[in-house]
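J.: Predicted model follows, preceded by the sequence.
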Amino acid sequence: MKTTAPERKVSHLSVRLEIKAGTANEDARTFQGLASTWDEDLGGDVIHQGAFARTLSHWRTSGRVMPLIDLHRYDSVRRVVGKMMAAEETNAGLLCTFAMMEAGDPDADAAWRRVKGGYVTGLSIGYRAVKYEYVQPPGGGYDIRHLNEVELREVSLVIWGMNPGAQIDTGSAKSLADALRAGGLTDEEKAEIRALLDAPAPAPAPEPPAVDAPKGLAPEDPRRLALEAAVRALTIRSLAA
């Protein structure tokens, strides 16, 4: 085990965005999703439960805005399409509520159409690692970075998810259970749920090969990180096909 000094670069962790019945509000343009989970991501990082406690406390008391950004692009204020309204650590991960900008902003309107239509299903956090350590797995292999405290700086809508272990948030699961008890599901919906429950668990995807870093970009450049995440996701999909 080895411990290093606090890291200064901004890192990113991507997970699936879950939009379920009852979590997206058309009029208010709000939605919920897991912005982070406690699973190891494809880059060998594990964020542990409790790592967001300090940064969320500061965010709530300071009154500062936690922006929702289009694909980690920081070149213009127009990349901000919304903001985080609420966040809490759950057993599944960091569950957040977001609000898009008011109707009439072309960038936010375009992003909202993609979110509510299910065309964009990824979230990614931009953060600074504050307290962490590298640990080599018992069986050998590459070191895994365990993050015990992070400073959350932004959340982005993304195309490619870097963390395949994201699960349905507890609020969505409760909505489904309530609908089942109330008999509010159609026969077709019930059949789909039965098919999902009866389906065998998918085989784990093979370990992707090392990704060559894009040339000409600094290690902490958001464009480089986004490219690396996209290549990893494409590789895993091709291997699992």
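T.: Okay, I see it. Given the structure is predicted, the values throughout are model-derived calculations rather than measurements. Residues are numbered from 1 along each chain as shown.
J.: element containing Phe131, please.
T.: Rather than Phe, residue 131 is Lys. Assigning secondary structure by DSSP states H and E places Lys131 in strand 122-135.
J.: What pairs with that strand, parallel or antiparallel?
T.: Using DSSP bridges, the strands paired with strand 122-135 are strand 2-3 (antiparallel), strand 10-16 (antiparallel), strand 144-158 (antiparallel).
J.: pull the CA atoms of the last one into CSV?
T.: When you say that, I think you mean strand 144-158. Output of strand 144-158 as CSV, limited to C-alpha atoms (Å, rounded to 0.1, in the frame of the first residue of the first chain):
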residue,chain,number,x,y,z
ILE,A,144,-6.3,0.6,-7.9
ARG,A,145,-6.8,4.1,-6.7
HIS,A,146,-9.2,4.3,-3.7
LEU,A,147,-10.6,7.8,-3.2
ASN,A,148,-11.8,8.6,0.3
GLU,A,149,-12.5,12.3,-0.3
VAL,A,150,-13.1,14.2,-3.4
GLU,A,151,-14.0,17.8,-4.2
LEU,A,152,-16.9,17.8,-6.6
ARG,A,153,-16.6,20.6,-9.2
GLU,A,154,-19.2,19.8,-11.8
VAL,A,155,-21.5,17.1,-13.3
SER,A,156,-21.7,16.6,-17.1
LEU,A,157,-24.1,15.0,-19.5
VAL,A,158,-22.0,12.5,-21.5
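J.: Point out where this structure drops to low pLDDT.
T.: Applying pLDDT under 70 to the chain flags residues 1-27, 161-241.
J.: And the strands in it?
T.: According to DSSP state E, the chain carries its strands in the segments 2-3, 10-16, 30-37, 45-47, 67-70, 80-89, 93-100, 122-135, 144-158.
J.: Can you give me the buried ones in the longest one?
T.: Neighbour-count burial for strand 144-158, with 16 or more other C-beta atoms under 10 Å as criterion, is recorded at 144-147, 149-152, 154-158. Backbone N, C-alpha and C define where each C-beta goes, glycine included.
J.: Alright, calling it a day.
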